[in-house]
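Novice: With the input below, show me the fold.
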Amino acid sequence: MQITRLTIESHEEVYRLEDAESGLIGFIAIHSTQLGPAAGGLRMRPYGQEDEALEDVLRLSRGMTLKNAAAGLPLGGGKAVIIGNPATGKTPALLRAVGRAVESLNGRYWTAEDMGMTTADMAVIAEETRFVAGLAGGAHGSGDPSPVTARGVFNAMRSALRHRMGTDVLTGRVVAIQGLGNVGRNLGALLHAAGARLVVADVDAGRVSAAVAAWGAEVATVDRIQAVPADVFAPCAIGGIVNHRTVPEIAATIVAGGANNQLATPEDGVALHRRGILYAPDFVANGGGIINVAAEILRRPDREAWVAERLARLDATMDAILTRAASEGVSPNQVAERVVADRMAAFAA
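Specialist: Numbers count the residues shown, from 1 in each chain. Now for the predicted structure:
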């Protein structure tokens, strides 16, 4: 195993991982440990090149700093990525190699499942490190965080509807979901049960067919779903989907989804605001999963009650951000970033 430390001024620690025996190539990025040990999931994707993976892990780890602070958690921001196809390239040897890399950081970074990972994968990683969460078993195992992430996004969506429409009733509302992975599927189920009409898109035709069968969903293509007339556009796949190209195409009144780093740049949040589209900042909306994971990291004996209380606080934070943004006439993302900066400054003081 070769672990090489990279010098990245924006981050406390960044490592390139390479293990010839298992085929592992990836990165671990620790953005901040100001509030506590860095925590954030492990993602596996077939990145086109290493620079793409490095850029992703840097953006994702910063997003985790924002997310953990917004949720009021005593955790910093970190992330890990593996270059490869999770359907064909994931092996126990590769996962154990990741575990050894995480263990070498001595608790400065805690990992959990993210895109391309499962609770079973976390169990393999746990064979090599103590610093893993999202486990299905054990005294404090929190399991798959996706349902709790989806619940937080669902709550954020209702909050945005209250602010924009004057009611959070979802019956008859049209929601366009981009991405039917673990979070997207759980979110779709919640929305369907609440009476929403769904339009869905995913690169996996089987997931789309299942959504049509289960929810009577309509279908759009992944590259055009943002242009579907809807009350809410819910990005639940990769980041950067709200960008200079897509902002003019978005036909929804609200953007609220589960994907990380939905804005390609902060300016895209301003562009949404100028178009009159209400954006529920992603690092607040999708904080439910890390709250669930945090209960495991912190060894909370009252996990279920603690998670429920933290979700309610997160919902209140979103409401306060949207209220303040409306009163100041600015993008909610600008307000959310300031809220996080204030919380971190207060902690440092």
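Novice: Do a quick rundown of the strands in this structure.
Specialist: Taking DSSP state E, the strands of the chain run over residues 2-6, 13-19, 24-32, 38-39, 42-45, 76-83, 109-110, 174-178, 197-201, 218-219, 230-235, 252-255, 278-279.
Novice: Kindly compare burial across the ones you listed and name the winner.
Specialist: For those, the largest average neighbour count (mean count of other Cβ atoms under 10 Å) is found in strand 38-39, namely a mean of 30. No exception for glycine: its C-beta is placed from N, CA and C like everyone else's.
Novice: So in that sheet, which strands flank it, and in what orientation?
Specialist: As defined by DSSP bridges, the strand partners of strand 38-39 come to strand 76-83 (parallel), strand 109-110 (parallel).
Novice: Any idea how far the last one is from the middle of the chain?
Specialist: Computed by Cα atoms, centre = their mean, to the nearest Å, the chain-centroid distance of strand 109-110 equals 16 Å.
Novice: Give the rounded mean pLDDT of that strand.
Specialist: On average, the pLDDT along strand 109-110 is 98.
Novice: Please list the outside residues in contact with it.
Specialist: With Cβ atoms under 8 Å, 6 or more residues apart in numbering as the test, strand 109-110 has contacts from 28, 30, 37-40, 75, 78, 80, 102, 131-133, 293, 297.
Novice: Helices of the stretch 51-200 of the chain, residue ranges please.
Specialist: Assigned helices in the stretch 51-200 of the chain, in chain order: 92-103, 119-125, 146-165, 182-193 (criterion: DSSP state H, counting those that start in this stretch).
Novice: quick one: the last one to chain centroid distance?
Specialist: This points to helix 182-193. 15 Å.
Novice: in that helix, what counts as buried?
Specialist: Of the residues in helix 182-193, 182-192 count as buried by neighbour count, 16 or more other Cβ atoms under 10 Å.
Novice: From those, pick the one nearest N68.
Specialist: N68 lies nearest to V183 out of the buried residues of helix 182-193, by Cβ to Cβ, at 17.6 Å.
Novice: check contacts around that closest one.
Specialist: 146, 149-150, 153, 236, 258, 286, 289.
Novice: again, only this time at 6 Å
Specialist: Shown in contact with V183 (Cβ atoms under 6 Å, 6 or more residues apart in numbering): 146, 149-150, 236, 258.
Novice: do the same with L35
Specialist: 74, 76, 347.
Novice: circling back to that earlier point, would you turn the strands paired with strand 38-39 into TSV with distance to H163?
Specialist: Output for these, formatted as TSV (distance: least, Cβ to Cβ, whole Å):
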stretch	distance to H163
strand 76-83	27
strand 109-110	34
